[in-house]
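Colleague: mind looking at a prediction? Sequence and model below.
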Amino acid sequence: MRLYRSSRPVAGSYHEARLTEPLTVPEIAKAAGVSHNHLTRLFRATTGETVVGYIRSRRMERARHFLRATTLSIPAVAASVGIPDLQAFNKACHRELGASARAVRAADGTRAVVPA
C-alpha cells in the first residue's frame, strides 16, 4: 500500500513493517510527513477504507495465514500480529474472519511445524 503526495511516498510500507506494534494514525501521519487529517482523507480516497480499518484487516489476514500455516499457539499468533490481548484477538477474529481463531485453524488440517 503506497499513497503519494508530490511523488513522495506518504504512508509507504511504514504500517506494514510495524503491524506487530501498536500503531496510531498520528504516528503514521508523522512518519509520512503529513497531517493526521490529510492522511485520513488521502487514505480513504485512495483505498476506500480508514487507516485503522486497513491495519486491522492486514493484521487479521496475517493471523489467518499463521493459524492455517503454522503450529504457533493462538496466543502466540495474537501477539505476532500486534494484538497481545487474547480477548481482543478473539473478538477481532469473529469480526474480521467470521469465526473463532480455533475454527479458522480447524478449517485447514495441514500445518507446517514452526521450529522453536
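Modeller: That came through, no problem. Numbering: from 1, shown residues only.
Colleague: and the host helix or strand of residue 104, which residues are buried?
Modeller: In the assignment (DSSP states H and E), residue 104 maps to helix 101-106. Using 16 or more other CB atoms under 10 Å as the burial criterion, the residues of helix 101-106 that qualify are 101, 104, 105. C-betas here are computed from N, CA, C, even on glycine.
Colleague: got JSON lines for the residues you listed, with pLDDT and distance to residue 52 too?
Modeller: As requested, the buried residues of helix 101-106 are arranged in JSON lines below (pLDDT from 0 to 100; distance: CB to CB, whole Å):
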{"residue": "101", "pLDDT": "95", "distance to residue 52": "21"}
{"residue": "104", "pLDDT": "94", "distance to residue 52": "22"}
{"residue": "105", "pLDDT": "94", "distance to residue 52": "26"}
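Colleague: A helix includes residue 84, no?
Modeller: No: membership of residue 84 in a helix is not supported by DSSP: H, G, I helix; E, B strand; the rest coil, which gives coil.
Colleague: show me what counts as buried in whichever strand or helix holds residue 61.
Modeller: Taking DSSP H and E as the definition, one finds residue 61 inside helix 51-69. Buried residues in helix 51-69, defined by neighbour count with 16+ other CB under 10 Å: 51, 54-56, 58-60, 62-64, 66-68.
Colleague: please apply the same query to stretch 69-81.
Modeller: Under 16+ other CB under 10 Å, the buried positions of stretch 69-81 are 70, 72, 74, 77, 78, 79, 80, 81.
Colleague: measure that stretch end to end?
Modeller: 14 Å (CA to CA, to the nearest Å).
Colleague: and stretch 89-104, by the same measure?
Modeller: Taking CA to CA as the criterion, the two ends of stretch 89-104 lie 13 Å apart.
Colleague: next: stretch 72-86.
Modeller: 14 Å.
Colleague: state the mean pLDDT of that stretch.
Modeller: Taken as a whole, stretch 72-86 carries a mean pLDDT of 94.
Colleague: confidence score at residue 3?
Modeller: 52.
Colleague: for residue 111, that is, sorry about that
Modeller: So residue 111 comes in at 51 (pLDDT).
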